[in-house]
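**Student:** Sequence first, predicted model second:
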2 protein chains.
Amino acid sequence: MLTVFGTIALDTIRTPFKTETMILGGAATFASISSSIFTRTSIVGVIGSDFPLEYKKMLDDRLDTRGVISKSDGKTFHYDSSFDYDLSHRKSNKTELNVIADFEPTIPKDYSHSEYVYLANNDPIQNMKILKYFSNPKLTICDTIEYWILNKPNDVIKMMSQVDGVVINDEEARLLCKTSNLVKCAKIITSFGPRFAIIKKGEHGSVFFIDDMIFPAPAYPMEEVIDPTGAGDSFAGGFIGYISQKNDVSISTMKQAVVYGNVMGAFSVEDFGIRRLIDITRKDVDARYEKYRSIVHY
Amino acid sequence: MLTVFGTIALDTIRTPFKTETMILGGAATFASISSSIFTRTSIVGVIGSDFPLEYKKMLDDRLDTRGVISKSDGKTFHYDSSFDYDLSHRKSNKTELNVIADFEPTIPKDYSHSEYVYLANNDPIQNMKILKYFSNPKLTICDTIEYWILNKPNDVIKMMSQVDGVVINDEEARLLCKTSNLVKCAKIITSFGPRFAIIKKGEHGSVFFIDDMIFPAPAYPMEEVIDPTGAGDSFAGGFIGYISQKNDVSISTMKQAVVYGNVMGAFSVEDFGIRRLIDITRKDVDARYEKYRSIVHY
């Protein structure tokens, strides 16, 4: 069983080509929809009274949503951002924490037996609190973002010391580790405690660092990108979803999981929000996984 | 036989950690020293009266230098640049064309039978002139840089139409093709005429586009980079050097050659200028090639 904890959001996404207002987003949403293609996924998070019923139904249809708390006296987390012409740089316009600001996370009792836990972007203190609810997880992973690195760097490091693996963007890894070299970044991150680190590099793919091994995995080549939002979360969901389904934390499974993560990230950017992710089947994912293998093989 | 044409330079390289003044550099130098590890390489270029004897000897020891013209009435091309703290951004301080400004390229008669020709960074008009000297080459490749794209864009495109393959940096591909998407860039470049394009992405490796195939090859992971100068030229030299040695232009050989190119680029950044390249043997290169294969395999 896999439990994903993190933000469930209403996103406003502005690209030079189109703007989408208040669409379903958030790190936990992308990660859990992505992982649900591989394995039964439980989601933990909080939404407000403005959360559209149709979005709640989308989550209910695919996930165990007993961990989603609905606050009648608040609004859902809202994130408003704009992409530049080449869709590679995002500017934050507005971040309204709303119901997540003072959320005291808890989980349904059944979830405490989850073997696999993904702490998507969230306050590291909340992440550490929720981690305590799991009785004996096989694999715990966290992500973080610039906001927490800048505002709670010590808690970010403490959180990383309590998980098995860290998944993080290249820019955020550099910010956290104060070096531009990603091999050094990974050594610093694993020195905090986790056994492995995965650095996500967007269009350049991802690099998996474990023990003394490095596995660089190029991105699945994409000619059309519509909306990069959630690609990293979809990666993480695909990664832990595949591992959870195989119920195997060997390095060879984790390497395959990195490729599945890349594949899920590539699907996610093909439309706004989660639209593409809810449109695809495991068969589509496996076909792209095989295509990926054939292009990187030499 | 492989002939490399392009700049032979005296470089001043400033990193936050060290400055090296008037050391041996230039696109043709890096490419030919790199290719010479795989195959006998002839170099065509021009130097001035200030070119140090010891550097001439370095070239003579490894290359057929009958194509190097020494101008007694001029100074060698000099390029002065600075890198920022993370060695990923270069700023040009001074570019003194000197003897290359009005160079009328020619080649020793023996070179005209070269099956393999690499036109390293140079004026596209000079590149097209020299290309005519080769009677029946099996594989011709060119590179170009921002300067020529900005100043002679039509000649750059015309030059690309006359070669079999283009090797180019990601930033320059984007500049030339007016799109940030590298898959689109490659389609545009090959629409000019060459059968294939290789886009070099520095620390993110390279992507080889041929016919309808894409081969993304991550960079060899490097924890220490001393001087990124010449990495792309070393890549190109390794690529065409390996193909020339195998005397085979099949796609599978070219894919292996891309990996050899990545390996040569990785060696080149381990010291200033060509120091690391002249220090290594084919055995070192093959060992790193095998290491590369083992890390990307899954």
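**Tutor:** Sure, I can see it. Numbering: from 1, shown residues only, chains lettered A, B, ... in the order given.

**Student:** alpha carbons only for contacts and neighbour counts from here, please
**Tutor:** Noted.

**Student:** ok, which residues in the stretch 1-150 of chain A are in contact with chain B?
**Tutor:** By the rule CA under 8 Å from any CA of the partner chain, the part of the stretch 1-150 of chain A lying against chain B is A:D86.

**Student:** Settle this for me: A:F267 is touching A:L277, isn't it.
**Tutor:** Yes. Between A:F267 and A:L277 there is a contact under CA atoms under 8 Å: 6.5 Å.

**Student:** quick one, which of the two is more surrounded?
**Tutor:** Remark: of A:F267 and A:L277, A:F267 carries more neighbours, 26 against 23, as counted by other CA atoms under 10 Å in any protein chain shown.

**Student:** residues near A:P153, how many?
**Tutor:** 15.

**Student:** Distance-wise, check it relative to chain B.
**Tutor:** Distance, A:P153 to chain B, by CA to the nearest CA, to the nearest Å: 22 Å.

**Student:** Next, the buried residues of stretch A:146-165.
**Tutor:** A:148-149, A:155-165 (16 or more other CA atoms under 10 Å in any protein chain shown).

**Student:** Kindly format the C-alpha coordinates of that stretch as CSV.
**Tutor:** Extracted C-alpha coordinates of stretch A:146-165, given in CSV (Å, rounded to 0.1, in the frame of the first residue of the first chain):
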residue,chain,number,x,y,z
GLU,A,146,12.6,26.6,-2.6
TYR,A,147,10.1,28.0,-0.1
TRP,A,148,10.9,25.5,2.6
ILE,A,149,14.6,25.6,1.9
LEU,A,150,14.7,29.3,2.4
ASN,A,151,12.3,29.4,5.3
LYS,A,152,13.0,26.2,7.3
PRO,A,153,16.4,24.9,6.1
ASN,A,154,17.1,23.1,9.3
ASP,A,155,13.7,21.4,9.3
VAL,A,156,14.2,20.4,5.6
ILE,A,157,17.5,18.7,6.5
LYS,A,158,16.0,17.1,9.6
MET,A,159,13.1,15.8,7.4
MET,A,160,15.6,14.4,4.9
SER,A,161,17.4,12.6,7.7
GLN,A,162,14.2,10.7,8.5
VAL,A,163,13.4,9.3,5.1
ASP,A,164,15.0,6.6,2.9
GLY,A,165,15.2,8.8,-0.2
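
**Student:** which residues sit in contact with the closest residue to A:I43 other than its chain neighbours?
**Tutor:** Nearest in space to A:I43, with sequence neighbours left out and distances taken as CA to CA, 6 or more residues apart in numbering or on different chains, is A:V4 at 4.9 Å. Contacts for A:V4 (CA atoms under 8 Å, 6 or more residues apart in numbering or on different chains) come out as A:28, A:31-32, A:41-44, A:117-120.

**Student:** Which one (most neighbours) among the residues you listed?
**Tutor:** When neighbours are taken as other CA under 10 Å, the top entry among the contacts of A:V4 is A:S32 (35 neighbours).

**Student:** Quick one: distance of the helix or strand that residue falls within to the chain centre.
**Tutor:** Here A:S32, judged by DSSP states H and E, is contained in helix A:27-35. Averaging C-alpha positions (CA atoms, centre = their mean, to the nearest Å) puts helix A:27-35 6 Å from its chain's average.

**Student:** for the record, mean pLDDT for that helix?
**Tutor:** When pLDDT is averaged along helix A:27-35, the result is 98.

**Student:** Likewise for stretch A:141-156?
**Tutor:** For stretch A:141-156, mean pLDDT rounds to 95.

**Student:** Can you name the residues in contact with it?
**Tutor:** Against stretch A:141-156 from outside (CA under 8 Å, 6+ apart): A:117-125, A:160, A:163-169, A:172, A:175-176.

**Student:** Spatially nearest residue to the most centrally placed residue in chain A (excluding sequence neighbours)?
**Tutor:** The centre of chain A sits closest to A:D233, judged by CA atoms, centre = their mean, with a distance of 2.4 Å. Nearest non-adjacent residue to A:D233, counting by CA to CA, 6+ apart: A:A31, 4.8 Å away.

**Student:** could you list every residue that touches that neighbour?
**Tutor:** Listed by CA under 8 Å, 6+ apart, the contact set of A:A31 reads A:4, A:120, A:233-238.

**Student:** Okay, it and A:T41: tell me how far apart.
**Tutor:** In this structure, A:A31 and A:T41 are 10 Å apart, going by CA to CA, to the nearest Å.

**Student:** Which of the residues in the helix ranked longest in chain A are classified as buried?
**Tutor:** With secondary structure taken from DSSP state H, chain A has its longest helix at helix A:251-268. By 16+ other CA under 10 Å, the buried positions in helix A:251-268 come out as A:253-268.

**Student:** do the same with stretch A:47-54
**Tutor:** Buried residues in stretch A:47-54, counted by 16+ other CA under 10 Å: A:47-48, A:51.

**Student:** any idea of the mean pLDDT in it?
**Tutor:** Taken as a whole, stretch A:47-54 carries a mean pLDDT of 97.

**Student:** May I see the contacts of A:A31 arranged in JSON lines, with pLDDT as well?
**Tutor:** Shown next, in JSON lines, are the contacts of A:A31 (pLDDT from 0 to 100):
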{"residue": "A:V4", "pLDDT": "98"}
{"residue": "A:A120", "pLDDT": "94"}
{"residue": "A:D233", "pLDDT": "97"}
{"residue": "A:S234", "pLDDT": "98"}
{"residue": "A:F235", "pLDDT": "98"}
{"residue": "A:A236", "pLDDT": "98"}
{"residue": "A:G237", "pLDDT": "98"}
{"residue": "A:G238", "pLDDT": "98"}
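
**Student:** got a markdown table for those residues, with secondary structure too?
**Tutor:** Output for the contacts of A:A31, formatted as a markdown table (DSSP: H, G, I helix; E, B strand; the rest coil):
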| residue | secondary structure |
| --- | --- |
| A:V4 | strand |
| A:A120 | coil |
| A:D233 | helix |
| A:S234 | helix |
| A:F235 | helix |
| A:A236 | helix |
| A:G237 | helix |
| A:G238 | helix |
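
**Student:** ok, those vs chain B, which is closest?
**Tutor:** A:G238 (16.6 Å; CA to the nearest CA).

**Student:** Spatially nearest residue to the closest one (excluding sequence neighbours)?
**Tutor:** Nearest residue to A:G238, sequence neighbours excluded (CA to CA, 6+ apart): A:G261, at 4.4 Å.

**Student:** OK, contacts around that neighbour?
**Tutor:** A:G261 touches A:234-239, counting by CA under 8 Å, 6+ apart.

**Student:** For A:K129, see how far away it is.
**Tutor:** 27 Å.

**Student:** quick revisit: out of the contacts of A:V4, the closest to B:P218 would be?
**Tutor:** Proximity to B:P218 was ranked across the contacts of A:V4 by CA to CA; first place goes to A:A31, at 25.2 Å.

**Student:** What separation do you get for that closest one and A:P52?
**Tutor:** Counting by CA to CA, the gap between A:A31 and A:P52 amounts to 20 Å.

**Student:** same check, this time on A:A9
**Tutor:** Using CA to CA, A:A9 is found at 11 Å from A:P52.

**Student:** picking up where we left off before, turn the buried residues of stretch A:47-54 into a markdown table, including secondary structure and distance to A:P228.
**Tutor:** What follows is the buried residues of stretch A:47-54, written out as a markdown table (DSSP: H, G, I helix; E, B strand; the rest coil; distance: CA to CA, whole Å):
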| residue | secondary structure | distance to A:P228 |
| --- | --- | --- |
| A:I47 | strand | 23 |
| A:G48 | strand | 25 |
| A:F51 | coil | 23 |
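
**Student:** All good on my end, thank you.
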